[in-house]
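K.L.:
Okay, predicted coordinates and the sequence, questions at the end:
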Amino acid sequence: MQQKIPTVIISGAGLGGLTLYHALIKNKDKKEFNVKIFEQEASPQDRWQGYHIGINNYGARSLINCIPSSIALNLPKAMPNAVPDLEYHGFTLADHTGSLLLRPPTKQVKDIYEVANTSVGFSVAITYRDRLREVLLENVPVQWGKKCIGYEETEDGIWVLFEDGSKEFCDILVGADGVNSPVRKQKIPELKIFDYGITMIITDVAAPKNLLDRYIKLNGIGTFQESVGLNGEITFIIFRHIPIKQENYENKDELYYRMTIAFGYPTKSDDDNNIIVDDDDPASVVEHVKYMIRKLRPECEMTDILLELWDLVPKTTPDPKKYPFKTYNPVRRRKMQDIDPLSVNVWTSNRVTLLGDAAHATSPVLGIGANNAIQDADVLSQALLNYSPENYISCIKEYEDEMLKRNSADVLKSRSIALRQTTPVGYIGSILRNTLMRIINIFINFFDFNLLVRKN
Ligand SMILES: Cc1cc2nc3c(=O)[nH]c(=O)nc-3n(C[C@H](O)[C@H](O)[C@H](O)COP(=O)(O)OP(=O)(O)OC[C@H]3O[C@@H](n4cnc5c(N)ncnc54)[C@H](O)[C@@H]3O)c2cc1C
């Protein structure tokens, strides 16, 4: 008797969920699934999906494994090849003045295939996250406006429950529904989000060439840069050296570049000073960020540039005709958080599993969250090749055993670095810290030491 084709439901059409969808369809010849994918947002344009992310060697390998060639052909739209001599897709850590502290060994790479072949420290393809999602959405029949609110287990499978009152039956449910995953909250209610006590504000801006040039003159051409300060505050700047379309900009003679800017500081500073900010009003948030920059950073060119970059954030909901992209929806204070998936004693493998941020949201300092979500999709799709009605639990267990160990280690590594970087050190402390970082920098570059991210 012919066996029925099992159904896999993916809740969440983010980077991880979409990659899994492609991998399961790509492997159809080896193992066929009826794959359905549901997303809470009303449409692909519902929410700004932006900012730049770095796709590293193992993320690139998994992405290439999972997607069909038709999608791979479109990847340059999301991650254009590096501009020769102008773009250096490495990570740099600087002090509050922009002076270099650490630059892990990086092999200059042209495209995603070269990234996939590197084993060196921090070789990444700086990618437009929103466009990567657009590319991954192609030919995927996402069912939009379907917010999962939980599930019911029966002997034969799972009923997935949606906010609109509907439900769908499946053999396997994958919660790829991000950091606030309702699937995780039901499967492992004990698994709690860890709060760093750090407030982050992240957005994308269109920076004019003269400002980008000033920034590069100070910080070098690295496109993924972090700077640590004296008072526990950090900044991230990630950009591509490729002009963006800017038809309706004020100054038509100027070139504009899309830059992701992030500022983080100890949340205690807000609490101690009884600061009131309206997070629903971009102007109020931007004023607050500028106030914190002035308060926590000494006067210098780097501080001036940061203030000018934050001034570029639209103070009202942007007119899409005027701006080439919306700001991160909307600019607001957010908590830096993570989830260590092994912080609970019991993780029972059953028909419901998790992938990406839903299982192991990670602080952004190492830029690995999306890479790990994509790698999860790869590992899960491989494990499901052995699926049968009798052994589905062992497939899920095989995936979860690997996924939990790999990601717990990464979450904790990222947490330890983030907490160290956001500990206020003061002026004297910063001299000691910076000297130590510079010594480490010499050491890791001399020995070509892969210090920050895994090779595989
Ligand atoms: C500033 C910043 C920089 C970063 N840089 C990097 C980087 O350089 N490299 C890197 O690898 N990672 C980076 N990350 C992290 C990365 O963006 C995330 O880890 C990644 O998007 C996780 O993918 P995901 O599919 O697990 O979750 P998401 O991308 O969050 O997708 C989850 C999806 O589920 C949907 N959803 C949520 N709830 C429901 C529900 N109830 N029902 C149905 N659908 C639901 C959401 O709408 C969303 O579409 C960065 C993050 C930030 C904030």
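P.N.:
Cool, got the structure.

K.L.:
For residue 77, grab phi and psi.
P.N.:
In this entry, residue 77 is assigned phi and psi values of phi -60, psi -30 (degrees, to the nearest 10).

K.L.:
quick one: the helices in the stretch 351-456 of the chain?
P.N.:
In the stretch 351-456 of the chain, the segments counted as helices under DSSP state H, counting those that start in this stretch are 357-360, 369-383, 392-421, 426-446.

K.L.:
Of these, flag the one that's most buried.
P.N.:
For those, the stretch with the most neighbours on average is helix 357-360, a mean of 29; neighbours defined as mean count of other CB atoms under 10 Å. C-betas here are computed from N, CA, C, even on glycine.

K.L.:
Can you pull out the residues in contact with it?
P.N.:
When contacts are defined by CB atoms under 8 Å, 6 or more residues apart in numbering, helix 357-360 is touched by residues 12, 14, 16, 175-179, 181, 183-184, 338-341, 369, 372-373, 376, 403-404, 407-408, 410-411.

K.L.:
got the residues of the protein near the ligand?
P.N.:
Residues of the chain that fall close to the ligand, judged by CB under 6 Å from any ligand atom: 11-17, 38-41, 51, 53-54, 129, 147-148, 176-178, 182, 202, 262, 356-358, 364, 367-371, 373.

K.L.:
Phi and psi next, for residue 220.
P.N.:
Residue torsions, per degrees, to the nearest 10, at residue 220 are phi 90, psi 180.

K.L.:
SS state for the closest residue to it other than its chain neighbours?
P.N.:
Closest residue to residue 220 apart from its sequence neighbours, by CB to CB, 6 or more residues apart in numbering: residue 92 at 6.3 Å. Secondary structure for residue 92, judged by DSSP: H, G, I helix; E, B strand; the rest coil, is strand.

K.L.:
returning to that earlier point: next step: the residues of the chain next to the ligand restricted to strands.
P.N.:
When DSSP state E defines the strands, the subset of the residues of the chain next to the ligand inside them is 11, 38, 53, 54, 148, 202, 262.

K.L.:
before we move on, back to that, compare the helices of the stretch 351-456 of the chain and say which comes out lowest on pLDDT.
P.N.:
Sorting those by mean pLDDT places helix 426-446 lowest, at a mean of 93.

K.L.:
tell me the angle of that helix relative to helix 392-421?
P.N.:
In this structure, helix 426-446 runs at an angle of 130 degrees to helix 392-421, with axes from the mean of the first three to the mean of the last three CA atoms, to 10 degrees as the basis.

K.L.:
Give me the residues contacting helix 426-446.
P.N.:
Judged by CB under 8 Å, 6+ apart, the contacts made with helix 426-446 from elsewhere in the structure are 93, 95-96, 99-105, 121, 228-231, 425, 449, 451.

K.L.:
per-residue pLDDT, the closest residue to residue 421 other than its chain neighbours?
P.N.:
Beyond its immediate neighbours in the sequence, the residue positioned closest to residue 421 (CB to CB, 6+ apart) is residue 228, lying 5.0 Å away. Among the per-residue scores, residue 228 shows a pLDDT of 96.

K.L.:
Next: the one 5 residues further on.
P.N.:
Confidence per residue is given as pLDDT, and for residue 233 that number is 96.

K.L.:
That concludes my questions; thank you for your assistance.
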